[in-house]
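A.B. asks: I would like to see how this sequence folds:
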Amino acid sequence: MTPVSAPATATVPGSRALAHPAREEIRVEGVLHALADPVRLRIVRQLARTADQLACSTFDLPVTKSTTTHHFRVLRESGVIHQTYRGTAKVSGLRKDDLDALFPGLLDTVLAAADRQAARLAG
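C.D. replies: Numbering: from 1, shown residues only. I've put the predicted structure just below:
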């Protein structure tokens, strides 16, 4: 996956910018809080399986659109994902490089545990 660093402001005049914490502002308790919710963990697991950014509309989540928006905002504001506008679509990508630099192994461990749990519950 291409490294994604979160700029604090948009670089294209007239574009809609979304607030992201800089790498040094990401806190482990915020990341853990974001990953503790099953819906947000589902989003992160899906993003981790792709090398591309995904439009928010591609996620099939068992919640309303407004609740989905809330979950993406929590992930973005905690530094777990980076979001940008691509035309009228908001696309999201995992900030794996930032998280791995700050908390080595944390994301991989959480994702592996979530995969094991999903397999256990499915079978």
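
A.B. asks: show residues contacting the helix or strand where residue 67 lies.
C.D. replies: Taking DSSP states H and E as the criterion, residue 67 maps to helix 65-78. Contact partners of helix 65-78, identified using CB atoms under 8 Å, 6 or more residues apart in numbering, comprise 18-21, 26-27, 30-31, 33-34, 37, 39-40, 43-44, 56, 59, 61, 63, 81-83, 90, 92. For every residue, glycine as well, the C-beta is placed using N, CA and C.

A.B. asks: now swap in stretch 101-110 and tell me
C.D. replies: Here stretch 101-110 has contacts from 23, 26, 28, 31, 35, 41, 44, 48, 94, 96, 99, 100, using CB under 8 Å, 6+ apart.

A.B. asks: buried residues in it?
C.D. replies: 102, 103, 107, 110 (16 or more other CB atoms under 10 Å).

A.B. asks: rewinding a little: ok, of the contacts of helix 65-78, which come out buried?
C.D. replies: 18, 20-21, 26, 30-31, 34, 39-40, 43-44, 56, 59, 61, 81-83, 90, 92.

A.B. asks: which of those fall in helices?
C.D. replies: 30, 31, 34, 39, 40, 43, 44 (DSSP state H).

A.B. asks: skipping its backbone neighbours, what lies nearest the residue nearest the centre of the chain in space?
C.D. replies: In the chain, the centroid-proximal residue (CA atoms, centre = their mean) is residue 81; its distance is 2.9 Å. Once flanking residues are discounted, residue 81 sits nearest to residue 75: 4.5 Å by CB to CB, 6 or more residues apart in numbering.

A.B. asks: ok, the one you found - how many residues close by?
C.D. replies: 26 (other CB atoms under 10 Å).

A.B. asks: measure it to residue 93 for me?
C.D. replies: The span separating residue 75 from residue 93 equals 11 Å under the rule CB to CB, to the nearest Å.

A.B. asks: got it, and residue 83?
C.D. replies: Where residue 93 is concerned, residue 83 sits at a distance of 8 Å (CB to CB).

A.B. asks: now do residue 82
C.D. replies: Relative to residue 93, and taking CB to CB, residue 82 is found at 5 Å.
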